[in-house]
Structures are given as C-alpha cells and as structure tokens.
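S.K.: 3D, please:
(one chain, ligands or ions: 1)
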Amino acid sequence: MKIGILGGGQLGRMLIQSALKYDDQFYTLDPASDAPCSSISHFTQGNFNDYDTVLNFGKDKDVVTIEIEHVNADALAELEKQGVKVVPNAAIIKTIQQKILQKEFYKTYDIPSPEFQVVWDSEEKIMMPLPFVQKMNTGGYDGKGVQVIKTEDDYQHLWKEASVIENLVDIDKELSVIVARNENGETKIFPVTEMVADPKLNLLDFNICPVFLSDDIRNQIDSITEKFLNAVNSPGLFAIELFLDKQGKVWVNETAPRLHNSGHQSQEGNANSQFEQMYRVVKNLPLADTDAFTYSGMLNLVGAEGHAGKVIYEGMDDVLKLPKTYIHLYGKTETKPGRKMGHINVLADSREELMEKLIKVKSMIKVIAE
Ligand code: ADP
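M.R.: Okay, the predicted model is just below:
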C-alpha cells in the first residue's frame, strides 16, 4: 500500500521505523530537505500548508495521514472527494487545528474543558476574570502561542489576534490518554500517562506511565474518551491532553489528531507502541493491545541553551550502559536551544525507581553543539 504522511518529522520517522516490518511504501512531505523522514521514505520537499502541493502529493496514494496538524485541510477534503482515504478525516483536522473551533467542539459534545471566551480581535472586551490564559487560534505549538495573563498590567501583553481566553486551571497533574479507533469502529486506549513539564522551556520533560488514579478520576477519563471518540466520527489515533485540578476534576486541555510525545514510552513499555497502533489505524487492521508491561517513562532530549550547530550527545555512552534504558534519536544533524532531538525511554518496577532513573539519566546526557 502507498501510505502518504504530511510532515516528515520524528513522529513520522518512528511510525515508518515501526511499520518497516510490514510491506508498505511510505511517502512523506516536508519543507525541510533534511527532515527526519527524508532519508527513510520516498521524500517530497514541499509545503504541507499549500493546497496544490498537498493535492499533488496525495492524489496517487492509497491513504494519506498526518504527523503534524498544521496542514492544508481543504486539500485533504478534496482528496477525500477524489476517493483517497484520509486518516484522520479532513473535518476533524480542521476543527482541531483552530483552537476556537476545538473549544466549541468540546462544548457542543459536552466534553469538560476549561471555561472560555472567544476573542476575534483586540477591540473585544474580555469578560474572563484574572488570571486567565490566552491561546492563539492558530499557529501555536509546543507551548508557543499560550500565555498567562495575571494582572491588569499584563493586559498590554495580550496578543491582538483571534484567540481563546481560558479560565486558568489550578493544575494538580497534567495527564494524557492516547486513543485509537479504526474504520471498523474498533477502539483501543493506552494507559494514562502523566506529563511532568519543565516550567522554563514549556516543553514536555518527563512522561510517566501508568499513573495511579482513583475510580472517580478513571471514570471521568473514561467518559471523556467515549464522548470524544463518538463526537470525532473518524478513524484515527488521538492524544487527549488532560488537566486534573486540585479538586479532583478532569478537564480536556487540548487534543492532537496524531501521534504524540506523551506516548513515546510505549515503544518499550507497552505490548505495542502508539506507532504500531497508528499503522494499524491507517490500514484498518485489528487494533493492537496496549497493556503496560511495567512502569515506563520518557525524557526528551532537547538542545541545550547556548548551543547551536552540529549536534553531539554528550554522555551517551554512559547512558547506553544502563539496563532497561533506550535511546531514540531523530536523525537531526543540527541542534539549537529547545529543539527536540531525541528521547530516552526507561523501564522500572515502581514509580519511585522510575523517577530516580529518569532524573539520573537526565543529569548524565546533554545535547550540545560541536
Ligand atoms: P501547546 O499546544 O502549545 O502545548 P497547551 O495548550 O498544551 O499548548 O498549553 C501549554 C501549557 O500551558 C500546558 O501544558 C499547561 O501547563 C499550561 N496551560 C494551558 N492552558 C491552561 C489553563 N487553562 N490553565 C492552566 N494552565 C494552562
């Protein structure tokens, strides 16, 4: 089967890596000539935001999927009309890629998400009490396009573009649940992961899986996943990012209609990884079992501050000597501060041991430039 992926980054690369044991042809589209997928797939250099480029890329494929949601969804809708299978479908990609539509989607389907106000331009009066969070309607990624407005003084920093103004949640934990549904309507859900963020970089730092949850919290999450999948009405693999607040209520922060950083530890921690699952969704195969073998965790390898240029993974040999520790690099030759260059998965018998190992590994390795 000819499988086309919009985006040629690490998510696509790990999907292809995992699917190489099957017999398919992978095609990727990315603007960067040295994108992580460029050397391991049939690669087209081009802009996945451009209507004609996406249409041309997709028209001779059996199925087209995405590894980034900021793509030209109108072209995907046209491909659907022409009979190309698009997973997930163009409509849900379009909804999710605009924060305003995404928030309205949750409201329509009674999915709990922080209270919000839509602001189309800077003239509009903000009714939300301070403090609140402003999220750009489009263009946000990896924590960019999100800011907290705490005081009257901060009003001057408000972005003057279409955005969502959202109630600031008193967060106890940030959780993520990866769900998959194939065309036959079969559903599988990965164990819930906790995401421990790095406040400085605003980039995901550690993942920990599975998480201990009370029956009440588990029920809230089950209800969210069920409502979400019914509302989406498309095959796909989705990462639902959740806030657990200090009162024990679960809220949907946002959803990614694709593979997600919060699922990387499934590569070694679970019976099957999110990448295997995505492959099965794309091909409408029976879905894979998602059981966690043990405690698993992940830390991102991000470019160190003050380092830009040809990458060196300082301390990598020492990490390779550790048991149940797995390095995944993304094939990026140039590092820069904050750039996601790879990740390390770690397995352990308890949460405490896992945290200890993650902290140790983090202190052992540094992503620097030559
Ligand atoms: P991105 O898609 O860029 O990762 P998010 O919407 O996930 O953006 O926001 C980034 C981070 O900002 C979240 O992980 C969370 O820590 C914080 N955040 C976002 N929305 C809220 C909110 N309503 N209340 C409190 N914190 C928030």
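
S.K.: quick one: is stretch 70-86 near the ligand?
M.R.: No. Looking at stretch 70-86 against the ligand by C-beta under 6 Å from any ligand atom, there are no contacts, and the closest approach is 11.1 Å. Placement of C-beta: from N, CA and C, glycine included.

S.K.: so which bits of that stretch are buried?
M.R.: 70, 71, 72, 73, 75, 76, 78, 79, 80, 84, 85, 86 (16 or more other C-beta atoms under 10 Å).

S.K.: which two of the residues you listed have the greatest separation?
M.R.: Maximum pairwise distance among those (C-beta to C-beta): 21.0 Å, between 70 and 85.

S.K.: tell me if I am right that residue 194 is in a strand.
M.R.: Yes. Counting by DSSP: H, G, I helix; E, B strand; the rest coil, residue 194 is found in a strand.

S.K.: dump the residue contacts of it.
M.R.: 173, 174, 175, 176, 207, 208, 209, 211 (C-beta atoms under 8 Å, 6 or more residues apart in numbering).

S.K.: 7 Å - rerun?
M.R.: 173, 175, 208, 211 (C-beta atoms under 7 Å, 6 or more residues apart in numbering).

S.K.: relative to the ligand, how far out is the residue nearest to the spatial centre of the chain?
M.R.: Central residue of the chain (C-alpha atoms, centre = their mean): residue 260, 2.9 Å from the mean position. Distance from residue 260 to the ligand, counting by C-beta to the nearest ligand atom, to the nearest Å: 10 Å.

S.K.: again with residue 316
M.R.: 27 Å.

S.K.: so that residue touches residue 365, yeah?
M.R.: Yes. Under the criterion of C-beta atoms under 7 Å, residue 316 makes contact with residue 365 at 6.1 Å.

S.K.: for this protein, where's the lowest mean pLDDT among helices and strands?
M.R.: strand 204-209 (a mean of 87; mean pLDDT, DSSP states H and E).

S.K.: so whichever residue of the chain sits closest to the ligand: helix, strand or coil?
M.R.: Closest approach between the chain and the ligand, counting by C-beta to the nearest ligand atom: residue 169, at 3.7 Å. The three-state assignment at residue 169 reads coil, by three-state DSSP.

S.K.: grab the nearest non-local neighbour of it.
M.R.: residue 243 (4.8 Å; C-beta to C-beta, 6 or more residues apart in numbering).
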